[in-house]
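K.L.:
Got a predicted model here, sequence first, then my questions.
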Amino acid sequence: MYAVFVTGGKQYRASKGDQLEIEKLPAAAGDEVEFTDVLMIGAGGNVAVGRPKVAGGKVTAKVLAQGRTDKVSVIKFRRRTTYKRMGTHRQSFTLVEITGITGGPSGTAAE
């Protein structure tokens, strides 16, 4: 069973046991979180597509860690104008493990 859900303005496809790096959530390591913005749930040949969300669809996950990605250089440059700006950026993320998917085709649950 898999689900497509939205968090942090991005869509993620996940199955039970998957580990995902999602946009930072205000939760500590070990906390349980729920995602109710489920767009699609599939189990084998049965697929439930929401309009826009699946009614009763829910994805539960456990927060494993909070972290930051590798440093990325940011450069703005215009030729022949003595314009150059340099900087760096590190994006924060939350590492979660999917523990269950509820709803979808005939109200199935993968806990």
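P.N.:
That came through, no problem. Residues are numbered from 1 along each chain as shown.
K.L.:
now stretch 39-56: mean pLDDT?
P.N.:
For stretch 39-56, mean pLDDT is 90.
K.L.:
mind listing what's buried in it?
P.N.:
By 16 or more other C-beta atoms under 10 Å, the buried positions in stretch 39-56 come out as 39-43, 48, 50, 53-54. C-betas here are computed from N, CA, C, even on glycine.
K.L.:
Using the three-state scheme, assign the spatially most distant residue from the centre of the chain.
P.N.:
For the chain, the C-alpha farthest from the mean C-alpha position belongs to residue 80; by C-alpha atoms, centre = their mean, that distance is 42.4 Å. Assigned by DSSP: H, G, I helix; E, B strand; the rest coil, the conformation of residue 80 is coil.
K.L.:
tell me the centre residue of this structure?
P.N.:
The centre of the chain sits closest to residue 22, judged by C-alpha atoms, centre = their mean, with a distance of 4.1 Å.
K.L.:
For beta bridges, what are the partners of it?
P.N.:
residue 94 (DSSP bridges).
K.L.:
need the contact list for it.
P.N.:
Applying C-beta atoms under 8 Å, 6 or more residues apart in numbering to residue 22 gives the contacts 7-8, 10, 12, 93-94, 96.
K.L.:
Generate the PyMOL command that creates a selection of the buried members of those residues.
P.N.:
Command for PyMOL, covering only those of these found buried under the criterion 16+ other C-beta under 10 Å:
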select buried, resi 7+12+93+94+96
